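Enquirer: take this sequence and fold it.
(one chain, ligands or ions: 2)
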Amino acid sequence: MDNVTTPATTAVIDIKGITKTYNVGEFDLQVLKGIDLQIEAGDFVSIMGPSGSGKSTLMNILGLLDQPTAGSYALDGIDVAEMSQHDLAIIRNRKIGFVFQNFNLLKRTSALRQVELPMLYSGTKGRAQKAKAALEAVGLGERLDHLPSELSGGQQQRVAIARALVNEPALILADEPTGNLDSRSGKEVMQIFQKLNREQKITTIFVTHDSWIARHTNRVVMLRDGLITADQRIAEPLDARTAERPSEAEELASLLEMTYYGGKAEEYT
Ligand code: ADP
Ligand code: MG
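Expert: Residues are numbered from 1 along each chain as shown. Ligands and ions are numbered 1, 2, ... in the order given. This is a model prediction of the structure:
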């Protein structure tokens, strides 16, 4: 590409006034109602919100899979609206790794081949070696020839993560990646994302329903009815290697105390 310029800020993502309206039969359904969001390089952000609040719609726009109805989007300082379809496809392939709730793996394809695929599109050399290294990095070095049906949900998601990583993206977009996993696999997946963010400074945006999972990220953005309703930094994110999920009884107890004592639970325990 010849239109790449040095970004003026360190914001990887800078969106302003993003709206998205779907036409459903005779109705227009406005799903995003004016979203402003800046995300700095290396940040680890979770997006939370009820089902239907527009999280996936926003993720698809951020990932250049869908276009907004209105608003501006600068990705790495480049105005996305000005980019050709051809350049958008290149950026998607080179810069963005996607991870989805349902893994999106090919049924009859081995783990190794799944991870080689994005490199086929980008024309990368030494594909088998790189795919193997990416699978080893997510702890699947012994499962290279396995089909998805021969892997657990957590292992399938790790194949999907290896596939998202193999082109060394600057940005990972994960839409409820732990949504279909049991707590233990969810925790393993979280460990991988944290490690990537910590060691390789990969900017990561993560949709989750699970507030305990969200507490492993650096910042939580709440979405409701197509608007951002809260945006908070987490002072001390949990470390997935050591954090233990509280029991439901503990969580309920702390929730009730917090509510009753106006957030000053520690004074009464
Ligand atoms: P979330 O991921 O937060 O659950 P979505 O972004 O998937 O929410 O969807 C938000 C709203 O937009 C929902 O009401 C959904 O039915 C609607 N929606 C999503 N995609 C389309 C589409 N392609 N056409 C029409 N409506 C859609
Ligand atoms: Mg969704």
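Enquirer: show me where the stretch 151-269 of the chain dips below the pLDDT cut-off.
Expert: 258-269 (pLDDT under 70).
Enquirer: which residue ranges of it form helices?
Expert: Taking DSSP state H, counting those that start in this stretch as the test, the helices found in the stretch 151-269 of the chain are 153-165, 183-200, 211-214, 248-260.
Enquirer: also the stretch 1-150 of the chain?
Expert: Under the criterion DSSP H, counting those that start in this stretch, the stretch 1-150 of the chain carries helices at the ranges 55-62, 85-95, 111-122, 127-137.
Enquirer: which of those helices is buried the deepest?
Expert: helix 55-62 (a mean of 22; mean count of other CB atoms under 10 Å). Every C-beta, even on glycine, is put in place using the N, C-alpha and C of the backbone.
Enquirer: show me what it is in contact with.
Expert: 13, 15, 18, 20, 31-32, 35, 47-49, 66-68, 73, 173, 175, 205, 207, 223 (CB atoms under 8 Å, 6 or more residues apart in numbering).
Enquirer: and those residues, which of them are buried?
Expert: By neighbour count, with 16 or more other CB atoms under 10 Å, the contacts of helix 55-62 hold 13, 15, 18, 20, 31-32, 35, 47-49, 68, 73, 173, 175, 205, 207, 223 as buried.
Enquirer: contacts only, for the residue positioned nearest the centre of the chain.
Expert: With distances taken as CA atoms, centre = their mean, residue 174 lies nearest the centre of the chain, 2.4 Å away. In this structure, residue 174 makes contact with 98, 99, 100, 164, 193, 204, 205, 206, 207, judged by CB under 8 Å, 6+ apart.
Enquirer: who's in contact with the last one?
Expert: For residue 207, the contact set (CB under 8 Å, 6+ apart) comprises 46, 47, 48, 55, 56, 59, 174, 175, 176.
Enquirer: ok, now residue 160?
Expert: For residue 160, the contacting residues are 99, 100, 103, 104, 105, 114, 177, by CB under 8 Å, 6+ apart.
Enquirer: returning to what we had before: the buried ones among the contacts of helix 55-62 also near ligand 1: which ones?
Expert: Residues shared between these and the neighbourhood of ligand 1 are 31, 49 [CB under 6 Å from any ligand atom].
Enquirer: quick check, pLDDT for whichever residue of the stretch 51-200 of the chain sits closest to ligand 2.
Expert: Of all residues in the stretch 51-200 of the chain, residue 56 sits closest to ligand 2, at 3.2 Å by CB to the ion. Model confidence at residue 56, expressed as pLDDT, equals 96.
Enquirer: any idea how far ligand 1 is from it?
Expert: Computed with CB to the nearest ligand atom, to the nearest Å, the distance linking residue 56 and ligand 1 is 3 Å.
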